[in-house]
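Chemist: Turn this into a model:
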Amino acid sequence: MPELPEVETVVRLLNRQLAGATIDHVEWKVPSLLKGNIHTFSSLFHHQTITSVTRRAKYILIHFHHGYTLVSHLRMEGKYREIVDNQSTPSPYAHVLFYLKDGRRIDYQDVRKFGTFEFIKSENLHQLKSLAQLGPEPFDINDIHAFHAQLSKSSRSIKSILLDQTFISGLGNIYVDETLFAAFIHPGTQGKELSLIHVESLIKESQRILKEAIESGGSRIRSYSSGQPMDGQFTLKINVYQKHGTPCPRCHHRLARTVIAGRGTHFCPRCQHDSYIPFVVGITGSMASGKSTFLQRALSEGYPVLSADDVVHSLYQKPSIQRQLKHLIHPNVIQNKHVNGSFLLEWLLQASSHVKKLEAWLHPRVINSIVNWLKKQNTIAFVEIPLLFQSHADAFIDFIVAIDRPFEERKKTIQSRHPNRRWEPYVLLDEKNMWKQYRPFIDRIIENEGSLEAFHQRIHDLLQSAIAASRVE
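Modeler: Got it, this is the predicted structure:
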């Protein structure tokens, strides 16, 4: 949906095209777009002159010299087009045609027909329900203390608050994500948790970003086009919106995506640290690389640790989970009230689609358990997650460590762990852990080769680095 900068771009263009122009007549091909009587509209607006076009939040206000205003909202895909020759055939998506006395035509096009039109006396604009319920625009917020006081009463996420047009108007999904990134605020933070400094930064950055976007002609999105050469240049300046999976332009951590208030939400897990969990160190790497050794060392030094494998094992003990596994995989996957590991392994190796199927079902449950555990910790925490990137666990991790170890050494460890089983299936399954593809997002890689003492020393050194990073955070 076009947001404030896009609407402002349209308004400036319409004002140049329409100010001083006189309406001859209007053709309503889709009468339902008008909230009101078409005959009344015709009697009021035909042969009337437009004085100016302005905006309130995302609403376009077309003012006429006789004291009436036409209020237009583009909704999802509404567009205005100037047609020089009003006799030319309109687009099949042109649902409202404004014929001007100078021979031009302004077409309102809307593929989805979601746009709306209302008319009212200009002096009563403030009484129009759609406008009266709007909150202030970021440009109109001058009393930061009063705005902070309002936020402090809300338990909703700041993302949902900023999208609420009755609280603050003009911001949509793109500019909310960009504003929160610029202000270093996690989108899930409750309004009441924001400090005055946070709020000052929030308003300052929202004003800066909106102003810059307006000057750039808005963002180029599928549902919006002003028809001008500079249209949508702010797209080139977007930092996080729909850029999940790419490096953060500030810290190079992988940008993440989640859903908040029913909307796709893009952010940097490191720059916009979640205040509800501590600084988190994530450990990943191949099977038998030494991840558990790292975790045990952190535990011995008094830090809280958690293994994703232990979380999975705990989940597999639950009767409700076992019932779902039977339905998802096969009844034989559960034997004697336990998961049959051999059956599960063979099933996973049958087809890559089986791995994707299990991961799609299992990963969200594991991640949810880990996050709930993290919320109970109050100091730097260490979490071992083999498929850290594939499960998108980096969305809540601040510092990522990968442990690498020569294949032959790992093979020996796998064989010793499963002396009575074939070790090849485990290696085949481990090949699906593609952590090396994500090297640009890994903060440190520990090489596990040589003596155990040397490996422990590397772990110790890295622990100190991670702890130092948490203090900077």
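
Chemist: thought Thr51 was touching His66?
Modeler: No - at 9.4 Å, Thr51 and His66 do not qualify as touching, with contact defined as CB atoms under 8 Å. Every C-beta, even on glycine, is put in place using the N, C-alpha and C of the backbone.

Chemist: So for those two, which residue has more residues nearby?
Modeler: Shown here are Thr51 and His66; by other CB atoms under 10 Å, Thr51 has more neighbours (19 against 13).

Chemist: list the helices and strands the helix or strand hosting the more buried one packs on?
Modeler: In this structure, Thr51 sits in strand 50-56 according to DSSP states H and E. Counting contacts by 3 or more CB pairs under 8 Å, 6 or more residues apart in numbering; DSSP states H and E, strand 50-56 packs against helix 4-18, strand 59-64.

Chemist: Could you export those as TSV, including distance to Lys29?
Modeler: Below are the helices and strands packed on strand 50-56 laid out as TSV (distance: least, CB to CB, whole Å):
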stretch	distance to Lys29
helix 4-18	20
strand 59-64	19
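
Chemist: closest one to Ile414 among those?
Modeler: The closest of the helices and strands packed on strand 50-56 to Ile414 is helix 4-18. By CB to CB, the value is 55.6 Å.

Chemist: Name the residues of the helix or strand following that closest one that are buried.
Modeler: Toward the C-terminus, helix 4-18 is succeeded by strand 23-28 as the next helix or strand (DSSP H and E). Residues of strand 23-28 classed as buried: Ile23, Asp24, Val26, Trp28 (neighbour count, 16 or more other CB atoms under 10 Å).

Chemist: Next, Leu134: secondary structure please.
Modeler: Using DSSP: H, G, I helix; E, B strand; the rest coil, the structure places Leu134 in coil.

Chemist: Next one: it from Gly115, what distance?
Modeler: 18 Å (CB to CB, to the nearest Å).

Chemist: Just want to know which of these two has more residues nearby.
Modeler: Gly115 (21 against 18).

Chemist: which outside residues touch stretch 245-255?
Modeler: 239-240, 243-244, 257, 266-271, 389, 394, 398, 400, 438, 440-441 (CB atoms under 8 Å, 6 or more residues apart in numbering).

Chemist: One more pass at 7 Å, please.
Modeler: Asn239, Val240, Lys243, His244, His266, Cys268, Pro269, Arg270, Cys271, Asp394, Pro440, Phe441 (CB atoms under 7 Å, 6 or more residues apart in numbering).

Chemist: just checking, the third one touches His266?
Modeler: Yes - applying CB atoms under 7 Å, one finds Lys243 in contact with His266, separated by 6.3 Å.

Chemist: of the two, who's got more company?
Modeler: His266 (24 against 17).

Chemist: Doesn't that one lie inside a helix?
Modeler: No - read with three-state DSSP, His266 is strand and lies in no helix.

Chemist: Quick one: residues contacting it.
Modeler: Asp177, Val240, Tyr241, Gln242, Lys243, His244, Leu255, Arg257.

Chemist: Out of the contacts of stretch 245-255, the closest to Gly36 would be?
Modeler: Nearest member of those to Gly36, counting by CB to CB, is His266, at 39.0 Å.
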